[in-house]
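Q: 3D model of this:
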Amino acid sequence: MHTKNNCKASATCEKDFWDKLQTEIMLSNQNLTQDDMRALIEQSFLFSLFFRDCSRLETFGFQSLLQIKDYGYVILLDFESSTQFIHPESMNTLTLHHYIRDILKDTNHAVGPLIGKRISILVSYDVKNTADKVHEEELADAFSYYEEESLSIADSLIDTLHNKYHLSVAIGIGGVTRFHSIHSSFIEALYTLQFCKPNHRVHVKETDKLRDNIQFDYFETEKHMLDAIRLGKAEAYDYFGILMNWIRPMNDTAKRNHILEILVMSAHAMRIDNTNDVKYYNYVGSSKGLLEYTGMQLIEWAYNQFIHITGYEKPQNTIDYSNKVVQVTKEYLEAHYTEDITLEDVAAQVNVSPQYFSKLIKKNTGFNFIDWLSMMRVRKAKELLNNSSLTVKEVCYMVGYKDPNYFSRIFKKRVGITPSEYIKNSTSLKSKG
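A: Here you go, the predicted structure:
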């Protein structure tokens, strides 16, 4: 669906491209070589194909002129903003185009224009004309072959651009498809860029593997985190940690986008029903760290901001251990959480009625007795799962639960993933460490 703003942005992008193309021709004093002419035609074609509505007749004309085959995939090059060609006076796009064409001289391809700091490449081939005379029923094998080829091409681009031309680039690769569906490969390549780091490449099929070590519903965990923030529950921090682990494999730009979104929603959740008690989060003042930090420093910065929003700004949402009843309850739970204890048992320890005890705990902690007990048990379970070779069933009994299935449901509710998934994540992180 095209909105008014989208159309306006598209029109601006299109105007910029054609103006830039005209400038390239003028700067060349019209002394264009045959290679220069082909480069400009390829740029015009891929710009039309991916960034504006390209008619079927126009597409067919370009395909015939450039000898584009019936199958192919898209490679997206994302250059670091510090590289020299970003400045037009240092290097024109025709020069960069010829660099890339020289690297890909053994393939049938078309190289697109420089849009922002990205260049698209369409690699095409005819399945029926491959050396093995692949038939339609063997398309899957052919696709697999060209997927491997795409990785080799990306590696060559990275090595040559970095070592020979001193350009730093991240590369996203879309899947193999028929030419009439090539835009889907472009979208896939665009999606993979969020996982790419400078001088690395990622194929769309590899994105699932990058998420395997964090298997959970992102939006469900996000909802649990926001609910916990609103209710003043300490496990909001655990949910936030899960979200941070999920975005950890992404590149810094993608990390920043997710972190900013999470912090904005967290600040908003803090203000719900507490408008008079919570200070407004200084988004502009905090943006410096968001833009300056990279990698793990960016993740650490996000943790500090989250604590600042949910803890420092509103300390009354944490448990008030200065209250005698709360302190005694905490000590009792620490000593007996492995046992089958009830609200009545703990109320008797502090010499108050169960009804009054329930209200007192809710008032001073922000959540009820059962929530507090399950939170403590889950925290202990995480410690055991992290630091031992115990099974889920063994940990279940050790933290006071009798039914492993019920324990798994409680654990997933608090943490966002099951105990088994938590063990897998922990093992994966240790092996990487």
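Q: show me what counts as buried in the helix or strand hosting Met296.
A: Assigned by DSSP states H and E, Met296 belongs to helix 295-307. Neighbour counts using 16 or more other C-beta atoms under 10 Å place Leu298, Ile299, Trp301, Ala302, Gln305, Phe306 of helix 295-307 among the buried residues. Heads up, the C-betas are built off the backbone N, CA and C, glycines and all.
Q: roughly how far apart are the residue nearest to the second one when sequence neighbours are not counted and Lys324?
A: Read that as Ile299. Distances taken as C-beta to C-beta, 6 or more residues apart in numbering place Met244 nearest to Ile299, at 5.6 Å, with adjacent residues excluded. Using C-beta to C-beta, to the nearest Å, we find Met244 at a distance of 36 Å from Lys324.
Q: which one's more surrounded, the two?
A: More crowded of Met244 and Lys324, by other C-beta atoms under 10 Å: Met244, with 20 against 9.
Q: helix/strand/coil for the more buried one?
A: Under DSSP: H, G, I helix; E, B strand; the rest coil, Met244 falls in the helix class.
Q: now swap in Gly112 and tell me
A: Put simply, Gly112 is strand when judged by three-state DSSP.
Q: number of nearby residues for it?
A: Gly112 has 28 neighbours, counted by other C-beta under 10 Å.
Q: and if you look at Ser55?
A: By other C-beta under 10 Å, 9 other residues sit near Ser55.
Q: would you map the strands across the stretch 101-250 of the chain?
A: For the stretch 101-250 of the chain, strands defined by DSSP state E, counting those that start in this stretch occupy the ranges 108-115, 118-125, 169-173, 177-178, 201-203.
Q: would you format those strands as a markdown table with mean pLDDT included?
A: Below are those laid out as a markdown table (pLDDT from 0 to 100):
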| stretch | mean pLDDT |
| --- | --- |
| strand 108-115 | 86 |
| strand 118-125 | 88 |
| strand 169-173 | 90 |
| strand 177-178 | 84 |
| strand 201-203 | 89 |
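Q: out of those strands, nearest to Ala267?
A: strand 169-173 (31.0 Å; C-beta to C-beta).
Q: for the residue nearest to Ile299, give its distance to Leu298.
A: Separation of Met244 from Leu298 (C-beta to C-beta): 10 Å.
Q: and for Phe50?
A: Using C-beta to C-beta, one gets 30 Å for the distance from Phe50 to Leu298.
Q: point me to the helix or strand that includes Asn386.
A: Judged by DSSP H and E, Asn386 forms part of helix 369-387.
Q: mind listing residues that contact that helix?
A: In this structure, residues lying in contact with helix 369-387 by C-beta atoms under 8 Å, 6 or more residues apart in numbering are 233-235, 329, 333-334, 337, 341, 343, 346, 357-358, 361, 365, 367, 390, 392, 395-396, 398-401, 407, 410-411, 414-415, 419, 422-423, 426.
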